[in-house]
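Enquirer: after the sequence you'll find the predicted model.
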Amino acid sequence: MNTVICGVSQRSCKGELICGDVIRTFERAALYVIAIADGLGHGRHANLAATAFCDAVEQAADISQLEQVIHSANRNLSSTRGAAVALVVIDRDKSLLHFVGIGNIALQSISQYAIRPISIAGILGRRVRTVKVFSCNIASNDIIAIYSDGISSRFSLSTCIKEISSSLGVKATPQEIADKIVSKHGKDIDDASCIVLAIT
């Protein structure tokens, strides 16, 4: 069984006290679940929409049915302003990663396998008809970063890790990587969130 070590870093949009992005992780048996949501806009109402998504994921009866979870969450978010979201389920027994993304949530990885899932255009809480589940193999020593569009799309995960390791002289931890990504590549005009996962 794989072990997942994670680091989470977030920063509110400049001038806002409440971050409109929410990240939540939990485990169910061999499944490690990550929910990340970027509420439309900023501040409290964005946070409410993002929280509604994470609540819906955590309350799902069968988290392995990703499409059903997303459709259910879509209904739950209908009374909110909506959110860009991603649901990631890592099956540690089968060494598989399953990903569903709606809107501007992105993923980068350093892996021996090709992990290149794509988020579908849209906003959860509005009319979302298409849900696409991407499934990829994972392996020990893989590093995966999932982040909101408050992070510049130009950053390189491998370069970020090299910079940390070079400055500290030791292997970068997931928390150090997440903090570096948000501090260096986060946009002041938007909420910025990143979760980094190390598979061991």
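Expert: The structure has been received and is ready for your questions.

Enquirer: and the pLDDT at the closest residue to R28 other than its chain neighbours?
Expert: Using Cβ to Cβ, 6 or more residues apart in numbering and skipping the chain neighbours, the partner closest in space to R28 is I63 (5.7 Å). All C-beta spots, glycine's among them, are computed from the backbone N, C-alpha and C. Predicted confidence (pLDDT) for I63: 96.

Enquirer: chain center to the lowest-mean-pLDDT helix or strand in the chain: distance?
Expert: Taking mean pLDDT, DSSP states H and E as the measure, the chain has helix 157-168 as its least confident helix or strand, at a mean of 89. Put simply, helix 157-168 sits 21 Å off its chain's centre (Cα atoms, centre = their mean, to the nearest Å).

Enquirer: what's the helix or strand just after it in contact with?
Expert: Helices and strands here follow DSSP states H and E; after helix 157-168, the next one along the chain is helix 174-185. For helix 174-185, the external contacting residues (Cβ atoms under 8 Å, 6 or more residues apart in numbering) are 5-11, 143, 145, 147, 151-152, 154-155, 157, 160-161, 163-164, 168, 172, 192-198.

Enquirer: got the contact list for D93?
Expert: For D93, the contacting residues are M1, A30, by Cβ under 8 Å, 6+ apart.

Enquirer: got the contact list for E67?
Expert: Residues in contact with E67 (Cβ under 8 Å, 6+ apart) are V100, V131, V133.

Enquirer: tell me the secondary structure of it, please.
Expert: Here E67 is recorded as helix under DSSP: H, G, I helix; E, B strand; the rest coil.

Enquirer: what about it, distance to I123?
Expert: Noted for E67: a distance of 17 Å to I123, by Cβ to Cβ, to the nearest Å.

Enquirer: got it, and A83?
Expert: Using Cβ to Cβ, A83 is found at 7 Å from I123.

Enquirer: same check on L87?
Expert: Plainly put, L87 is 15 Å away from I123 if you go by Cβ to Cβ.

Enquirer: which strands or helices does the helix ranked longest in the chain pack on?
Expert: In the chain, with assignment by DSSP state H, the single longest helix is helix 43-59. Here helix 43-59 is seen to pack against strand 21-28, strand 31-39, helix 66-76, strand 83-91 when contacts are counted using 3 or more Cβ pairs under 8 Å, 6 or more residues apart in numbering; DSSP states H and E.

Enquirer: which other helices and strands contact the helix or strand where G101 lies?
Expert: Using DSSP H and E, G101 sits in strand 96-102. Other helices and strands packing on strand 96-102, by 3+ Cβ pairs under 8 Å, 6+ apart, are helix 66-76, strand 83-91, strand 134-137.

Enquirer: buried residues of it, list them for me.
Expert: Across strand 96-102, burial judged by 16 or more other Cβ atoms under 10 Å covers L97, H98, F99, V100, G101, I102.

Enquirer: and which of the residues you listed is nearest I115?
Expert: L97 (6.5 Å; Cβ to Cβ).

Enquirer: that closest one pairs with what?
Expert: I90, C136 (DSSP bridges).
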